[in-house]
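predicted structure and sequence below. I'll ask about it afterward.
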Amino acid sequence: ACALSMQKAMAELNTLHAAEGMPALEMGIGISSGEVVVGNIGSERRTKYGVIGNAANLAARIEAFSTGQQVLISSETLDRCHAAVESVREFEVSVKGVDHPLRIIEVSAIHSPFDVRFTPTWAELRDVQKEAVLEVSVLDGKSVSEKVLRKPLCAVSRQQALLEDAGELQLRADVRLLALHVDEGRVPMEMYGKVTAVGDGTVTLRFTSILLGETEAYLSGLLDLPQEAAE
């Protein structure tokens, strides 16, 4: 209930950001359940309030699979919910420190006594009007693969990109994207994303980090639209 309420509150926050000329923000949330140690941990020389335990580590692992506007929970958390929960989808993944596949559920609502529902807002993908190729490199933690894949860009929005793909990219992979600007002679623009769908010779990426002004200018150039329409 708290996580869904946090996602709903982002709309109000971004309205305030827009009024102040600041960029919109999104977040993904991961939740797990279990025993942890909570409190001021350390010594007299250095103390930090923290949470320690496998459940805390697992929550961080789950969050790493999320994208903006998502609430992901573990099957253990779902089993502990006494209120009815609505889910969008579920999937299994392998994570470090867990010796069996982990079932993750994307949640959209929780019923009485909380009665909280969150519906993501998506910008429509638009076909690009100019030829564009993105250089894609898969991330492993903080390391960037030396292998660079060149993928034609088919459609794009402020949140997503649709690329042609021959099967090299795996579902839920984190990637770095380099895009050449429409104007010749400028340095490549760096973006980051996560693979959210694979199939039919295409792959869908959800942007996780972009340079807002530069990316909007790049998108508006590809779509032959004014910059505000690219949003």
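Noted; the coordinates are in hand.

can you map out the helices along this protein?
For the chain, applying DSSP state H gives helices covering 2-19, 54-64, 75-80, 212-223.

let's have those in JSON lines, adding distance to residue 112.
Where C-beta positions appear, they are placed from N, C-alpha and C, glycine not excepted. Converted to JSON lines, the helices of the chain look like this (distance: least, Cβ to Cβ, whole Å):
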{"stretch": "helix 2-19", "distance to residue 112": "14"}
{"stretch": "helix 54-64", "distance to residue 112": "25"}
{"stretch": "helix 75-80", "distance to residue 112": "17"}
{"stretch": "helix 212-223", "distance to residue 112": "39"}
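
closest one to residue 203 among those?
helix 212-223 (17.5 Å; Cβ to Cβ).

what ranges of the chain fall below the confidence cut-off?
Where the chain drops to pLDDT under 70, the residues are 180-188, 212-216, 220, 223-231.

nearest residue to the middle of it?
In the chain, the residue lying closest to the centroid (Cα atoms, centre = their mean) is residue 67, at 1.8 Å.

longest single strand anywhere in the protein?
What stands out as the longest strand in the chain, according to DSSP state E, is strand 189-199.

strand partners (parallel or antiparallel) of it?
If you go by DSSP bridges, strand 189-199 pairs up with strand 174-179 (antiparallel), strand 202-209 (antiparallel).

for the residue of the chain most remote from its centre, what are its contacts?
Distance to the chain centre peaks in the chain at residue 44, reaching 39.0 Å (criterion: Cα atoms, centre = their mean). Listed by Cβ atoms under 8 Å, 6 or more residues apart in numbering, residue 44 has no contact partners.

again, but for residue 10
Listed by Cβ under 8 Å, 6+ apart, the contact set of residue 10 reads 25-27, 69.

cool, and residue 103?
When contacts are counted by Cβ under 8 Å, 6+ apart, residue 103 touches 74-75, 90-92.

which of these sits closest to residue 170?
When those are compared against residue 170 (criterion: Cβ to Cβ), the nearest one is residue 91, at 12.7 Å.

what about the nearest residue to the closest one once chain neighbours are set aside, how many neighbours?
Among residues not flanking residue 91 along the chain, residue 104 sits closest, at 5.8 Å (Cβ to Cβ, 6 or more residues apart in numbering). Counted with other Cβ atoms under 10 Å, the neighbours of residue 104 add up to 25.

isn't residue 104 up against residue 61?
No. Residue 104 is not in contact with residue 61 according to Cβ atoms under 8 Å; the separation is 9.4 Å.

mutual contacts of those two, please.
Counting by Cβ under 8 Å, 6+ apart, residue 104 and residue 61 have no common neighbour.
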